[in-house]
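> how would this look folded up:
(chains A and B)
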Protein chains: 2
Amino acid sequence: MRTLIENATIIPMTERELSLRGSILIEDGIIKAVGSISGEADETIDADGMIALPAFVDAHTHLAMVLMRNYKDTSENLQDWLSEIFPIEDKLNETDIYEASRLGAAELIESGCTTFADMYFYAWSTVKAAREAGIRGVIGQTFMNDDADAEDRIRNIAPRIIEEIGDDDSFRLDAAVHAVYTSTPECYERAAEWVRERGTMLNTHLSETRKEVDDCIARYGKTPVELLDSLGIFSVPVYAAHGVHISESEMETLKAHGVSVVHNPSSNMKLASGIAPVKQYLKHGINVALGTDGASSNNNLSMIKEMNAAALLATIANMTPSAARPYDILEMATIGGARALGLDGRIGTLEEGKEADITLINARDANMAPVNDPFSAIVFSADRKNVDTVLCRGRKLLEHGRLLTVDKEEAIRKTTERWNDILRR
Amino acid sequence: MRTLIENATIIPMTERELSLRGSILIEDGIIKAVGSISGEADETIDADGMIALPAFVDAHTHLAMVLMRNYKDTSENLQDWLSEIFPIEDKLNETDIYEASRLGAAELIESGCTTFADMYFYAWSTVKAAREAGIRGVIGQTFMNDDADAEDRIRNIAPRIIEEIGDDDSFRLDAAVHAVYTSTPECYERAAEWVRERGTMLNTHLSETRKEVDDCIARYGKTPVELLDSLGIFSVPVYAAHGVHISESEMETLKAHGVSVVHNPSSNMKLASGIAPVKQYLKHGINVALGTDGASSNNNLSMIKEMNAAALLATIANMTPSAARPYDILEMATIGGARALGLDGRIGTLEEGKEADITLINARDANMAPVNDPFSAIVFSADRKNVDTVLCRGRKLLEHGRLLTVDKEEAIRKTTERWNDILRR
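Next up is the predicted model:
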């Protein structure tokens, strides 16, 4: 199967601020060529007026939390909000998670994203929903509490997720240790040991709020970064969400261990958690990815909105647009995310040999014309309505803004039904 | 002509956090009833799954600046950016402005807005384009430089705009004095005199950057607010854009004179101008409106994106979501804007006797379900793709996301052609 995307403005993300006009040839899900191409194809996509770029990587989310979208979402801070959310989470079951994950997958695809890193409960249901939707997922086996609980999850929950994934290399099971305020050092150690055995990665929330850092110092005499470093957790590959309250010396630790930081600007602003020092991360050469966080603290799963938030926040926080240029933001949303998840050999750029995860943005629209600068156009002007076509491994998931792989109306109806039922439980 | 909007979730903006399920009856462009309604209508709009709210008021923009969208838009600050923009503006003609205003009107409608306050050149062309698109505009006669220049504009430019408006009460011509760094005190005084004679309002950029304030103090020994107050400018009704660098005592001056502030969060963040003290404005009881500013410093004309930016910025700037709740943000985007422009007797709420400027947001979409809280849903989750139907004075401008009054493809093509030509001039 050969697909040819023609007449596009291509942002390959292989070279700083490079854009070119041309075609992309895909063969059996793999990019065969980018640029001036002639030849036959089974399918041709006319991308005239469109910008082609690597499909986005949402490097931190909780897909099924679409259930709690706009629910008690203006709590005073993260801790107050979690006190509303945790009792709801105790009532969830695997069917809730399946339906909500379908809806979440639909939202990801509609906003141009084909890869997500997830941390949540009943994760086999999320794998099932995401596979049906045709996207790929790096799934976290959630760890909380202590090492006994970790052992129990490794024995009794992880096998269900591993079974659901089977030999599908669109999915991988990582360890997702919630945070230092919910998980003991022994829990982190057990999760890291499991990750080392399996050759996967470790995902965690890290220094999201000032309170988290202060409480960690009070309890362990160390910041969260210092604590995890002292436990040897960074000896396995780690991607850490938030990284809002991180000192320069902690950045050196993260850099030394190749830890990626996943920036979640909307959630951090909305929950008044603070402003991640993105400019400093970039200066230190730390890999920065971008994530939406869950829809309950965002309240979307749109990487396009997230790029806009990231760009505006970096500028105002540093009082200079040079803190993070549109191209830097695009990197976070594509190859930066792929690197964070160890997938940069397969996705994150448009170049020969990579898998064909491609998003076409229709720039010939009232909100994007004239384009002038394609990087600014994507980061500052684009929205979900401009997302025309989305391919994952060469398979079309969205065409002219219409979902092909998820029955959206059914997903909305069933998720809403589940949610109404959860509130009655 | 009677139109009935049925089965909607209605946010009338008449009472804090009020939403109700019901219908809206419109007769000859006027809202006749809101709530439980039965009876005959010539047209029925089924708004099941939709949220009905007053169409947005973009209280500060430069519509035709869509031409410079994404053009050299990441300059270091406002002054550097203006140094890129001013030479381009010298090349513009009335046909450029007409085509660009059409495209701008299309973007406003697609994002749910029916009223805009504009400040730009060749404004009769903007009136013409906006009238054809079916929206309403408060048009600024631009004033810059000194009183001789003001006199010249009053004699030679304003009459053309007044003639274009004719007896169309969808438009009004105000004075738009650019700013204290481009316009002399005498220019402000002449504009205010003209406004007083005409019984209209005065629009100006006010304290947008720290540099503007510092330069004003160096030149006049007064801040911009103090300067305009000493000149008696606030004795006419004023709405002022930006208001980023304003002290508590200046707020008392603004409050005493009933000056409205138009908040432009995206532009202020993007140009690193600073963060307007919105929380303090609300505390002082100052009327706050919302504006997109021009598409060249935003880079959209979307009040939906602007609400999202305003809510996130207020929260992170004050480290509390109580700084500006979703309902406060919705007020800025609707009735606050109407008040700022002196149109609150006609638009800004959904209630009997008001003109029927109504936006229907489809909340049964992948990015909005479950709705849970309709105020959060609009401010944090909605986007342009959710804007289903837009009415202005009861006339349908957008239906199921499709523009009825502007040939969008033509507007995009012609604006792009004009822009390419401008770059060659």
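> in chain A, which helix or strand is least confident?
The helix or strand of chain A with the poorest confidence is helix A:78-89; it has a mean of 90 (mean pLDDT, DSSP states H and E).
> Flag every buried residue along that helix.
A:78, A:81, A:82, A:85, A:88, A:89 (16 or more other CB atoms under 10 Å in any protein chain shown). To be clear about C-beta, it is placed using only N, CA and C from the backbone, and glycine gets the same treatment.
> Model confidence score at residue A:76, please.
Among the per-residue scores, residue A:76 holds a pLDDT of 84.
> What's the local residue count around it?
Residue A:76 has 13 neighbouring residues, counting by other CB atoms under 10 Å in any protein chain shown.
> hang on, the earlier thing: list just the nearest of the buried residues of helix A:78-89 to residue B:171.
Using CB to CB, residue A:81 is the member of the buried residues of helix A:78-89 that sits closest to residue B:171, with 45.6 Å.
> Direction included, what does the host helix or strand of residue A:8 pair against?
Residue A:8 belongs to strand A:2-10 when assigned by DSSP states H and E. Within its sheet, strand A:2-10 is paired with strand A:20-27 (antiparallel), strand A:43-46 (parallel), strand A:50-54 (parallel), according to DSSP bridges.
> most tightly surrounded among these?
Neighbour counts (mean count of other CB atoms under 10 Å in any protein chain shown) averaged over each of these peak at strand A:50-54, with a mean of 25.
> Domain-wise, how is chain A divided?
Following automatic domain parsing, chain A resolves into domains at A:2-54+A:354-403, A:56-340.
> Let's have those domains in TSV, adding distance to residue B:50.
Below are those laid out as TSV (distance: least, CB to CB, whole Å):
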stretch	distance to residue B:50
domain A:2-54+A:354-403	17
domain A:56-340	16
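> Need the winner for burial among those.
For the domains of chain A, the largest average neighbour count (mean count of other CB under 10 Å) is found in domain A:56-340, namely a mean of 22.
> Can you get me the centre-to-centre distance for that domain and its chain?
Relative to its chain's centre, domain A:56-340 lies at 8 Å (CA atoms, centre = their mean, to the nearest Å).
> for the domains of chain A, which one sits closest to residue B:330?
Among these, domain A:56-340 sits nearest to residue B:330 (CB to CB), with 13.0 Å.
> Between the two ends of the closest one, what distance do you get?
Distance between the two ends of domain A:56-340: 13 Å, counting by CA to CA, to the nearest Å.
> same deal with stretch A:260-278?
One end of stretch A:260-278 sits 12 Å from the other (CA to CA).
> rewinding a little: dump the strands paired with strand A:2-10 to TSV, plus mean pLDDT.
Compiled in TSV, these are given as follows (pLDDT from 0 to 100):
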stretch	mean pLDDT
strand A:20-27	97
strand A:43-46	97
strand A:50-54	98
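> Can I get the ones you listed in a markdown table including distance to residue A:259?
Putting the strands paired with strand A:2-10 into a markdown table (distance: least, CB to CB, whole Å) gives the following:
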| stretch | distance to residue A:259 |
| --- | --- |
| strand A:20-27 | 33 |
| strand A:43-46 | 38 |
| strand A:50-54 | 23 |
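> about what we covered before: any part of the least confident helix or strand of chain A near chain B?
No - judged by CB under 8 Å from any CB of the partner chain, helix A:78-89 stays clear of chain B, getting no closer than 9.5 Å.
> what element comes up after that helix heading to the C-terminus?
Using DSSP H and E, the helix or strand that directly follows helix A:78-89 along the chain is helix A:94-110.
> can you tell me the average pLDDT over that following helix?
98.
> which secondary structure elements does that helix contact?
strand A:113-120, helix A:123-133, strand A:395-399, strand A:402-403, helix A:408-424 (3 or more CB pairs under 8 Å, 6 or more residues apart in numbering or on different chains; DSSP states H and E).
> so which of the ones you listed comes closest to chain B?
helix A:408-424 (4.5 Å; CB to the nearest CB).
> buried stuff in the closest one?
For helix A:408-424, the neighbour count (16+ other CB under 10 Å) marks A:408, A:411, A:412, A:414, A:415, A:416, A:418, A:419, A:422 as buried.
> what angle sits between the strand holding residue A:8 and strand A:395-399?
50 degrees (axes from the mean of the first three to the mean of the last three CA atoms, to 10 degrees).
> ok so, going back, got TSV for the helices and strands packed on helix A:94-110, with mean pLDDT too?
TSV is the format used below for these (pLDDT from 0 to 100):
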stretch	mean pLDDT
strand A:113-120	98
helix A:123-133	98
strand A:395-399	98
strand A:402-403	98
helix A:408-424	97
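> Distance to chain B added to those, as TSV?
TSV is the format used below for the helices and strands packed on helix A:94-110 (distance: least, CB to the nearest CB, whole Å):
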stretch	distance to chain B
strand A:113-120	12
helix A:123-133	11
strand A:395-399	11
strand A:402-403	8
helix A:408-424	4
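> Need these in JSON lines (columns: distance to residue B:392).
Formatted as JSON lines, the helices and strands packed on helix A:94-110 follow (distance: least, CB to CB, whole Å):
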{"stretch": "strand A:113-120", "distance to residue B:392": "35"}
{"stretch": "helix A:123-133", "distance to residue B:392": "38"}
{"stretch": "strand A:395-399", "distance to residue B:392": "32"}
{"stretch": "strand A:402-403", "distance to residue B:392": "29"}
{"stretch": "helix A:408-424", "distance to residue B:392": "29"}
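> Tell me which of those lies nearest to residue B:180.
Closest to residue B:180 of the helices and strands packed on helix A:94-110, according to CB to CB: strand A:113-120, at 45.4 Å.
> Show me what that closest one is packed against.
Packing contacts for strand A:113-120, counted by 3+ CB pairs under 8 Å, 6+ apart, involve strand A:56-61, helix A:94-110, helix A:123-133, strand A:136-143, strand A:171-177, helix A:335-340, strand A:387-392.
> Outside of the following helix or strand past the fifth one itself, list whatever touches it.
Next in sequence after strand A:171-177, counting helices and strands by DSSP H and E, comes helix A:185-198. Around helix A:185-198, the neighbours that count as contacts under CB atoms under 8 Å, 6 or more residues apart in numbering or on different chains are A:141, A:143-147, A:149-151, A:154, A:158, A:173-175, A:177, A:180, A:201-202, A:204, A:220, A:227-228, A:231-233, A:235-237.
> Try it again at 7 Å.
With contacts defined as CB atoms under 7 Å, 6 or more residues apart in numbering or on different chains, helix A:185-198 is touched by A:143, A:145-147, A:149-151, A:154, A:174-175, A:177, A:201-202, A:227-228, A:231, A:233, A:236.
> In strands only, show me those.
A:143, A:174, A:175, A:177, A:202 (DSSP state E).
> Pick the one among those closest to residue B:401.
residue A:174 (38.9 Å).
> is that closest one in a bridge, and if so with what?
Counting by DSSP bridges, residue A:174 forms beta bridges with residue A:140.
> How much space separates it from residue A:343?
Distance of residue A:174 to residue A:343, given as CB to CB, to the nearest Å: 12 Å.
> same question, residue A:424
Distance from residue A:424 to residue A:343, counting by CB to CB: 40 Å.
> For residue B:216, which of the helices and strands packed on helix A:94-110 is the nearest?
When those are compared by CB to CB, strand A:113-120 sits nearest residue B:216, at 46.3 Å.
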